[in-house]
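In: Give me a model of this one.
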Amino acid sequence: MASLRGSVVTNGTLHNPKTQHSKWQSTDCVKNGIAKEAQQNRKPRFFDKPIFDSYPEPPLYVLVFTYMAYVIGTLFGYLRDFMRSLGIEKCNAAVEREEQKDFVPLYQDFENFYKRNLYMRVRDLWNQTVCSAPGPYFDMMEKVSDDRNWTFRHTGRVIKNVVNMGSYNYLGLAVKYDESMKSVKDTLEKYGVGVASTRHEMGTLDKHKELEDLMAKFLNVEAVMTFGMGFATNSMNIPILVGKGCLILSDEFNHTSIILGARLSGATIRPFKHNNVQSLEKLLRESIINGQPRTGRAWKKILIVVEGIYSMEGSIVNLPQIVALKKKYKAYLYIDEAHSIGATGSNCQGVRDLFGLAPEDVDVYMGTFTKSFAASGGYIAGKKELVDYVRIHSHSAAYGTSMSPVVAAQIIRSLRLITGEDGNLGGRQRIQQLTKNIKYFRQRLTEMGFIIYGDDYSPIIPVLLYMPAKISVFGRYLLKKKIGVVLVGFPATSLAEGRARFCLSSAHTRETLDEVTIEVVDGPDSEAEKDQQAENKPSWSVPAPDWRAWWQRSLSLTRTNSGDQDYKYDSTSDDSNFLSVPRGWDHPAPGHRTFETKEQPEYDSTDGEGDWSLWSVCSVTCGNGNQKRTRSCGYACIATESRTCDRPNCPGIEDTFRTAATEVSLLAGSEEFNATKLFEVDMDSCERWMSCKSEFLKKYMHKVINDLPSCPCSYPTEVAYSTADIFDRIKRKDFRWKDASGPKEKLEIYKPTARYCIRSMLSLESTTLAAQHCCYGDNMQLITRGKGAGTPNLISTEFSAELHYKVDVLPWIICKGDWSRYNEARPPNNGQKCTESPSDEDYIKQFQEAREY
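Out: Numbers count the residues shown, from 1 in each chain. Purely as a prediction, here's the structure:
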């Protein structure tokens, strides 16, 4: 389907602009002042680039096998029902009571058939029990079933630190109690938990008035009314805005609450194709010409209903052109910003802010507080006359319980955090971080070859899985790897579009996203989706960024900030770095949905400067014939491609290690893996290699010395379930730390005595290939002794899959060596003195004893 975004309306026809400057920025091709009206109070924004409303289509064989899977599953379902009727198989499905067998059934038999024969196979992937705050990580209660998912029981085991890729915590405000929540606690003590009344009776509190005034100011509208339930905000308020004799034009992918509200209204409902302006205009013209069914009378009202971000597709509404159409045809516009409010726009004000439109361009704003605000409830916003009408006639206000004052206080707290009134990290910084995460994560998945839906600024990223069996296998695999995602299949999607939905948050770190992408690409049956994407991209001529270094293939790996080679950001960067319009937007490739990346300056891999993720002296060529692509040496080509590693050699030395390359990439990370023993590399070769690379290693170690933080003397408990920024008094800057106490992350040299471990993530000011790894004993004091390491932050003399900070950037070099020459300038723990640390003399002695040749 051709893209219609970036078009303007003239005489009822959509025309695509020929140049970048003809869209919204020039009114020469626009009649009736439509573009001028759309530009009132409009700030220049980044989203002048058109969005595409078409998605990559799956190959025909994928569709065939997907439908076949459902057919086979249905046939086996009928076979199992037959076996149950004979008593061969036991079924726990609900049955009609004996005295009601002659009653009309309460539900259709196929609904129960689908549940007992198809849904029960995968029911364990839904309805998980979370027992912590839904931050970037959460804890989950383990459950098992003894009767094939009919019932579940909790084992009592809590699965710690599951990566949260399923919650709508877009701005990272869903956290455990801290001092910023004191106002919420005070509200609880003063008002109690509930109101026990409706807004029309005794349920309106001063907290509600404070919230509505603050929300109106935040949205730049005249008035706001809040409700206790987000779903009811749509379903109970749409019927009061339209009724019999009115027309609702609804996007075909609108939320169930919108569909229910439209049906309850009694208005005529006509869906238009998802985000398709041409389909919408056709319906508008036909509806206005033909009038109401049977009578032909003019419609009382026409209401266009859309969403800001569509939760299953991740797509952003084409708001500028819909606004132009609604003005031309004198229709009203109702927009549901449940997912977009707080998550889009430089000021977190939703898609209107994203496109830079005036607040009055939309007639009715609806949103919920359940996503970005980490609370519950919803709101209706707009002109004062509209909100006053809603206050009087709303079914939710008349019959629904008022919003809890505690929830209102939490929303007020979130609003003040977003606007930066409390002096902490404001909404602008949070939305910047969320935008970086979205761009980075989409780029990683695209490079891996997955088919993904959604727009470049949507925090919802669906990954297409298609086959129903893959959905269950994929979900169980990620859960085993402690990654929680939302899995979606029929009937929430069409039969052939089963998917995994990743929801990003500003609280996600680059390391966390790398962890997820690597587990996804290494997951079961992931090659099929990559092959499917390859069919949509016939040329391998564009080299992909080097994102997957060899040490990241290990199960105990360090995630580097590799995305910065494409997007150059830092904590003090100007907003324009990622809100600017990319050049060449008006000549996109067919089906391309991502913004062009900015070219970065090239760095010498040994100059000690620049982004560490660009330090690559190795590459691999994958492909056949003219279809080739270049990756890092650690990248695994797919089965149909040949593989050649192009890397510089040290004369007469590298052949020793050449045959070990493939085996290392496959075996690294296993518990019994020991590269030195496995390949028996002679130490003379290692020493010659070290001499060959001496100049590079010296500069590398110089940067390591300058960039790595010191180990805290005692275990910082604030990193136990999440991440924390800790000030390093030696380096005089903050470093971010992550808990690394799991069996995969403990260094082998510390396992006998270590009880807790932490690992440095990205410095808040720079990135590094090396990572500081600190372990602590039962007394939570720093452990300074270990095989091959005098103190935890020294490069070990042993190269192993367990080490996170390898000096060797050539992944095929497997050897032990004396690295003490590169550690001479580095004092124990960067000079950080701890009470339990050994003296310098003892440290030198331990270090000498640990050296291996």
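In: Please count neighbours and contacts with C-alpha atoms only from this point.
Out: Fine.
In: elements contacting the host helix or strand of Lys217?
Out: Applying DSSP states H and E as the criterion places Lys217 in helix 206-219. Contact analysis of helix 206-219 by 3 or more Cα pairs under 8 Å, 6 or more residues apart in numbering; DSSP states H and E lists strand 223-227, helix 405-419 as its packing neighbours.
In: Looking at the chain, which helix is longest?
Out: Scanning the chain for the helix with the most residues, using DSSP state H, yields helix 60-85.
In: List the buried residues of that helix.
Out: Of the residues in helix 60-85, those buried by neighbour count under the rule 16 or more other Cα atoms under 10 Å are 62-63, 66-67, 70, 73-74, 77, 80-81.
In: for stretch 369-382, same thing?
Out: Using 16+ other Cα under 10 Å as the burial criterion, the residues of stretch 369-382 that qualify are 369-382.
In: Any idea how far apart the tips of that stretch sit?
Out: 17 Å (Cα to Cα, to the nearest Å).
In: can you check stretch 502-513 too?
Out: Using Cα to Cα, the gap from the first to the last residue of stretch 502-513 comes to 11 Å.
In: what's Leu171 in contact with, if anything?
Out: Leu171 sits next to 342-343, 372-373, 427, 430-431, 434, 505-507 when contact means Cα atoms under 8 Å, 6 or more residues apart in numbering.
In: typed the wrong thing, it's Val62
Out: For Val62, the contact set (Cα under 8 Å, 6+ apart) comprises 466-467.
In: picking up where we left off before, deepest in the core, which of the helices and strands packed on helix 206-219 is it.
Out: The densest packing among these, expressed as mean neighbour count by mean count of other Cα atoms under 10 Å, is seen in strand 223-227 with a mean of 25.
In: Now do the following helix or strand past it, average pLDDT.
Out: Helices and strands here follow DSSP H and E; after strand 223-227, the next one along the chain is helix 230-235. Looking at helix 230-235 alone, the average pLDDT works out to 94.
In: Check which residues of helix 230-235 are buried.
Out: Neighbour-count burial for helix 230-235, counted by 16+ other Cα under 10 Å, picks out 230-235.
In: and the very next helix or strand once past it, what does it pack onto?
Out: Using DSSP H and E, the next helix or strand after helix 230-235 towards the C-terminus is helix 238-241. Secondary-structure packing of helix 238-241 (3+ Cα pairs under 8 Å, 6+ apart): helix 256-265.
In: Run the angle between the helix or strand that the helix it packs on is followed by and helix 256-265 for me.
Out: Secondary structure here is assigned by DSSP H and E; on that basis, the next helix or strand after helix 256-265 toward the C-terminus is strand 268-272. With axes from the mean of the first three to the mean of the last three Cα atoms, to 10 degrees as the basis, strand 268-272 and helix 256-265 are set at 150 degrees to each other.
In: Let's test this: mean pLDDT of the helix or strand following strand 268-272, rounded?
Out: Using DSSP H and E, the helix or strand that directly follows strand 268-272 along the chain is helix 277-290. Helix 277-290 shows a mean pLDDT of 94.
In: just stretch 71-79 next, same as before
Out: 91.
In: residue boundaries of the helices in the stretch 51-200 of the chain?
Out: Assigned helices in the stretch 51-200 of the chain, in chain order: 60-85, 109-114, 120-122, 182-191 (criterion: DSSP state H, counting those that start in this stretch).
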